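Trainee: What would the 3D arrangement of this be:
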Amino acid sequence: SYSNFKYSPLQVQQSGKTNENLSVEVEITNDSKIAGDEVVQLYVSHPDTKLLSALYALKSFKRINLQAGETKKISFTLTPKELGIVDENGALTVYPGQVKIYVGGTSPAASIAASLPVVEQTVGIQGEQFVVL
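Mentor: Residues are numbered from 1 along each chain as shown. The predicted structure is shown next:
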């Protein structure tokens, strides 16, 4: 796209539970003089885990079209299945601890290299370890 997009800080349910959904909202503004499409991508990482897991796992994305100067609010819902990681026994499990959520037009790793906007927030997940069935 020839457009330039800006992302607001994330609005995230602050205290997720291991067995509940987590809501994420962000506003995106096209600050260009032309309309454009953006693929808004949501990634999750688990910095506290000792288990082998993806550094940045793509969990959802939405393609949007914004007119010049237009702002849209985009909402995502992360389920326990999307927040879980596979344990040493092969069970998809949500663990209490820190989860980092990233939203932007590219992956967090690519944003560092290309100086593209990706917003992030760390969320505390509370409760007992939860095995997703």
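
Trainee: Just the element for Glu27, please.
Mentor: Taking DSSP states H and E as the criterion, Glu27 maps to strand 22-30.

Trainee: which one is the residue positioned nearest the centre of the chain nearest to, not counting chain neighbours?
Mentor: Nearest to the mean C-alpha position of the chain, by Cα atoms, centre = their mean, lies Leu42 at 3.1 Å. Nearest residue to Leu42, sequence neighbours excluded (Cβ to Cβ, 6 or more residues apart in numbering): Ser60, at 4.5 Å. Every residue, glycine included, has its C-beta placed from N, CA and C.

Trainee: these two touch, right, that neighbour and Thr79?
Mentor: No - the pair Ser60 / Thr79 is not scored as a contact, 10.0 Å apart, by Cβ atoms under 8 Å.

Trainee: Those two: who's more crowded?
Mentor: Comparing Ser60 with Thr79 by other Cβ atoms under 10 Å, the one with more neighbours is Ser60, at 16 against 13.
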